[in-house]
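[1] coordinates only, no sequence provided:
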């Protein structure tokens, strides 16, 4: 498979990935539940006070803005990983980089014994979304370059202070347990957690909290989204002059025939399916019959249907190769299950959401939000001042399919939910310049600290309240018995570590002039 060709099409495919964890991922109905605030006890007060120090917001806000300026695409997040792992090491965590064969993935550990609690961060950007921060109209920093249009710059800078505050409380009060911080690159292409789960990096965890940027502070539970196979099909033929093509075997024809067959297949797939593709390589000149062509497919369905559907798509490729006399090969880049977030952990987190509450926005921050809403043609409501009620996906309604996330693989091995990071503008568009613009600056910094407080308080509850931990574990063990983990990856599949390499080699030199300063991250020339 030609990963360079795949790299060239990343900007096109980003619009169809729909892999955002904290955006709606299916058409199943979402319901709301009211939850009472958590109690604040001595140890929790210590954690919340630690995170309320203005120096914490200044430091980790600066870190978020620096990662925002690096805007590194998935599998190429070397500076972003360095800034996160260096800080964890400086705070006493043992860091293992390059886990599961991915140079920008990591695990950081502190403590010993049980319970073992974890935090998960992502840090990849999106192609083509470069944008000035805190500017409410489209104005790229570097036209055409990547940008953080999904808020992943915020995740590590919220996770790390949560972990460090929790560590400080454990030391202060003699609390037993282990903290693990995971760095998951390439979420936008659904890669890292698939390979980390296959290598059983999450097996010993009692629970893990993740986070994601957005406009609201909230969480959700239930089964959602579709399982997915991400696969590149490659055809190899024989070239010839296009004016005398009778000796040729057109790889491009094979791609087109496969796509026709797959489109006819749609009629016969169960309505929970999603099927989409992009041609990533199909020749360079019309007077030369292409002897090499590739097409990248996303095949989505429920856990119990996705493998059969994937095999049917493979058969479309086999038929195309037979019809054109070409050779066909395929590479599965990633494959993930449906998401499963446990109610017990979501309720516990929601209690702390109600306790912590929303940040206090300044008039300047509200004015920026209203101006962007005006630019986007949205209602000018400004930033929200109330937390979001607890949501769940109603299993009694009809599921008709949706998006996907590789965090589902983590959820197959331990209890996990995602908590929102407030600060984005309501009505902005994910994977769009407007989200890049709003994922920067003072409102984002406040959202990071607010999210860190919820994460740390919830994990502290699990460490100090055995009955709450047991509820979470019991629910997960029931789920694991009903849906035991097994990877969808074919045996021998390796992570595509060269993905986006060509794009970042193009853009990084042009972007360096816009990098924001952070101690220890000076650019060497």
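    Thanks, I have it. As the structure is a computational prediction, the values presented were derived from the model and not from experiment.
[2] any idea how far the helix or strand encompassing residue 178 is from the middle of the chain?
    Take DSSP states H and E as the rule and residue 178 turns out to sit in strand 177-183. Strand 177-183 has its C-alpha centroid displaced from the chain centroid by 18 Å (Cα atoms, centre = their mean, to the nearest Å).
[3] ok, stretch 440-451 next?
    For stretch 440-451, the distance to the chain centre is 19 Å (Cα atoms, centre = their mean).
[4] stretch 36-50 too?
    The answer for stretch 36-50 is 29 Å, by Cα atoms, centre = their mean.
[5] go on, stretch 179-189?
    8 Å.
[6] skipping its backbone neighbours, what lies nearest the most centrally placed residue in the chain in space?
    Centroid-nearest residue in the chain: residue 187, 3.5 Å away (criterion: Cα atoms, centre = their mean). What sits nearest to residue 187 in space, not counting adjacent residues and going by Cβ to Cβ, 6 or more residues apart in numbering, is residue 122, at 4.2 Å. In short, each C-beta sits where N, CA and C put it, glycine included.
[7] I'd say the one you found and residue 190 touch.
    No: counting by Cβ atoms under 8 Å, residue 190 is not a contact partner of residue 122; they are 11.1 Å apart.
[8] give me the more crowded residue out of the two.
    residue 122 (31 against 26; other Cβ atoms under 10 Å).
[9] for that one, grab phi and psi.
    With angles defined as degrees, to the nearest 10, residue 122 sits at phi -120, psi 160.
[10] what about residue 514, how many neighbours?
    What residue 514 shows, counting by other Cβ under 10 Å, is a neighbour count of 14.
[11] show me what contacts it?
    Neighbouring residues of residue 514 by Cβ atoms under 8 Å, 6 or more residues apart in numbering: 69, 141-142.
[12] tell me the first helix or strand C-terminal of the helix-or-strand element of the chain with minimal mean pLDDT.
    Across the helices and strands of the chain, mean pLDDT, DSSP states H and E gives its lowest value to helix 10-17, namely a mean of 44. Using DSSP H and E, the helix or strand that follows helix 10-17 in sequence is strand 30-33.
[13] what kind of secondary structure is residue 329 in?
    Following DSSP: H, G, I helix; E, B strand; the rest coil, we place residue 329 in the strand state.
[14] use 139 as the first number for this chain going forward.
    Sure, I'll start counting at 139 from here, so that last one is residue 467.
[15] distance of it from residue 612?
    45 Å (Cβ to Cβ, to the nearest Å).
[16] then residue 211?
    In terms of Cβ to Cβ, residue 211 sits 40 Å off from residue 612.
[17] these two: which is more packed in?
    Neighbour count, other Cβ under 10 Å: between residue 211 and residue 612, residue 211 has more, with 26 against 13.
[18] which residues touch residue 456?
    Per Cβ under 8 Å, 6+ apart, neighbours of residue 456: residue 466.
[19] name the element it belongs to?
    Per DSSP H and E, residue 456 falls inside helix 444-462.
[20] what's the answer for residue 400, then?
    helix 389-403.
[21] counting by contacts, list what that helix packs against.
    For helix 389-403, the packing partners by 3 or more Cβ pairs under 8 Å, 6 or more residues apart in numbering; DSSP states H and E come out as strand 365-374, strand 412-420, strand 430-439, helix 444-462.
[22] can you redo these as CSV with distance to residue 253?
    Formatted as CSV, the helices and strands packed on helix 389-403 follow (distance: least, Cβ to Cβ, whole Å):
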stretch, distance to residue 253
strand 365-374, 30
strand 412-420, 38
strand 430-439, 35
helix 444-462, 33
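[23] and the ones you listed: which comes nearest residue 476?
    strand 365-374 (5.2 Å; Cβ to Cβ).
[24] the helices in the stretch 239-388 of the chain, which residues?
    Assigned by DSSP state H, counting those that start in this stretch, the stretch 239-388 of the chain shows helices spanning 293-311, 330-336.
[25] so which of the ones you listed is the most packed in?
    helix 330-336 (a mean of 27; mean count of other Cβ atoms under 10 Å).
[26] name the helices or strands packed onto that helix?
    Going by 3+ Cβ pairs under 8 Å, 6+ apart, helix 330-336 lies up against strand 465-474, helix 545-549.
[27] next, format the ones you listed as CSV and append distance to residue 458 and mean pLDDT.
    CSV is the format used below for the helices and strands packed on helix 330-336 (distance: least, Cβ to Cβ, whole Å; pLDDT from 0 to 100):
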stretch, distance to residue 458, mean pLDDT
strand 465-474, 7, 98
helix 545-549, 31, 97
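[28] most tightly surrounded among the ones you listed?
    It is helix 545-549: most buried of these by mean count of other Cβ under 10 Å, with a mean of 28.
[29] just checking, what packs against that helix?
    helix 330-336, strand 345-351, strand 477-479, strand 553-559.
[30] so, low pLDDT: which residues of this structure?
    Applying pLDDT under 70 to the chain flags residues 139-166, 662-663.
[31] which residue of it lies farthest from its centroid?
    Max radial position in the chain (Cα atoms, centre = their mean) goes to residue 382, at 48.4 Å.
[32] give me phi/psi at that one?
    When read as degrees, to the nearest 10, the backbone of residue 382 gives phi -140, psi 70.
[33] next: the one 4 residues further on.
    Note on residue 386: its backbone torsions stand at phi -80, psi 160 [degrees, to the nearest 10].
[34] how much space between it and residue 433?
    19 Å.
[35] who has more neighbours, those two?
    residue 433 (26 against 20).
[36] who does the more buried one bridge with?
    Note on residue 433: beta-bridge partners by DSSP bridges are residue 371, residue 417.
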